[in-house]
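In: the following comprises the amino acid sequence and a computationally predicted model.
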Amino acid sequence: MVQIRKINKCDFEKLLVISFEQFKNESWSKEQYSAAFCDDNYILLGCYLEQDLKSFVVANESLDDVNILMLATSENDKREGYAKELIQYLQNYVKKHNKTLSLEVKENNLPAIGLYTKLDFKVVYMRKHYYKDGQNAIIMFYNQK
Ligand SMILES: CC(C)(COP(=O)(O)OP(=O)(O)OC[C@H]1O[C@@H](n2cnc3c(N)ncnc32)[C@H](O)[C@@H]1OP(=O)(O)O)[C@@H](O)C(=O)NCCC(=O)NCCS
């Protein structure tokens, strides 16, 4: 059964494996994840199948917004709906707490843009040549009034 829950210490190594596998040299470091893990302003959620971590999300929560910082699914578990489960969980959370859900995504990241568009995120603006490789950053919001 698929389950969404807070990531605990036991799953930390698996989270790092997924992160480095998916983000390569753009991954957060172990230290960055550890700091977020100990900070109440961060939300770290995992999508599990039979206790096995398949996908995770890290977000920063402020008074009126939850900002998604990292989202990744293990390579062998893509297109199974795990990331969608995580985002839908956050969507329910922000609706309940009357906040927005925001994120920034590279313009050429079509899988991620496909996911967010399917889940009703709207493009709010674009930061030109924001990334080191010259790609534009697209800023998307959900639940914006
Ligand atoms: C983006 C990412 C998290 C999606 O994870 P996932 O678990 O495979 O996504 P899901 O299975 O929940 O996909 C849900 C929907 O998103 C869209 N989607 C996902 N992957 C897609 C792809 N490769 N191409 C087009 N659309 C895609 C589809 O609409 C999909 O629904 P469908 O399978 O019914 O067609 C995953 O590809 C990943 O880890 N990418 C590398 C890290 C990354 O770029 N993170 C996002 C940074 S902003």
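Out: Noted; the coordinates are in hand. Residues are numbered from 1 along each chain as shown.
In: and this protein, which residues reach the ligand?
Out: Residues of the chain found near the ligand (C-beta under 6 Å from any ligand atom) are 22, 55, 71-73, 78-84, 105, 109-112, 114-115, 118. C-beta: built from backbone N, CA, C; applies to glycine.
In: filter those down to the buried ones.
Out: In the residues of the chain next to the ligand, burial by neighbour count holds for 22, 55, 71-73, 80-84, 105, 112, 115, counting by 16 or more other C-beta atoms under 10 Å.
In: pretty sure residue 54 is touching residue 79, no?
Out: No - counting by C-beta atoms under 8 Å, residue 54 does not reach residue 79; the two are 11.5 Å apart.
In: before we move on, the earlier item: make CSV from the buried ones among the residues of the chain next to the ligand and add secondary structure and pLDDT to it.
Out: What follows is those, written out as CSV (DSSP: H, G, I helix; E, B strand; the rest coil; pLDDT from 0 to 100):
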residue, secondary structure, pLDDT
22, helix, 98
55, strand, 98
71, strand, 98
72, strand, 98
73, strand, 98
80, coil, 98
81, coil, 98
82, helix, 98
83, helix, 98
84, helix, 98
105, strand, 98
112, helix, 98
115, helix, 98
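In: nearest to residue 28, of those residues?
Out: Using C-beta to C-beta, residue 72 comes nearest to residue 28 of these, at 10.4 Å.
In: ok, that closest one touching residue 22?
Out: Yes - under the criterion of C-beta under 8 Å, residue 72 makes contact with residue 22 at 4.0 Å.
In: look at the residue nearest to residue 142 when sequence neighbours are not counted and say how many residues are nearby.
Out: In space, and not counting its chain neighbours, residue 142 is closest to residue 101: 4.2 Å by C-beta to C-beta, 6 or more residues apart in numbering. When neighbours are counted by other C-beta atoms under 10 Å, residue 101 registers 24.
In: residue 87 in helix, strand or coil?
Out: Judged by DSSP: H, G, I helix; E, B strand; the rest coil, the three-state class of residue 87 is helix.
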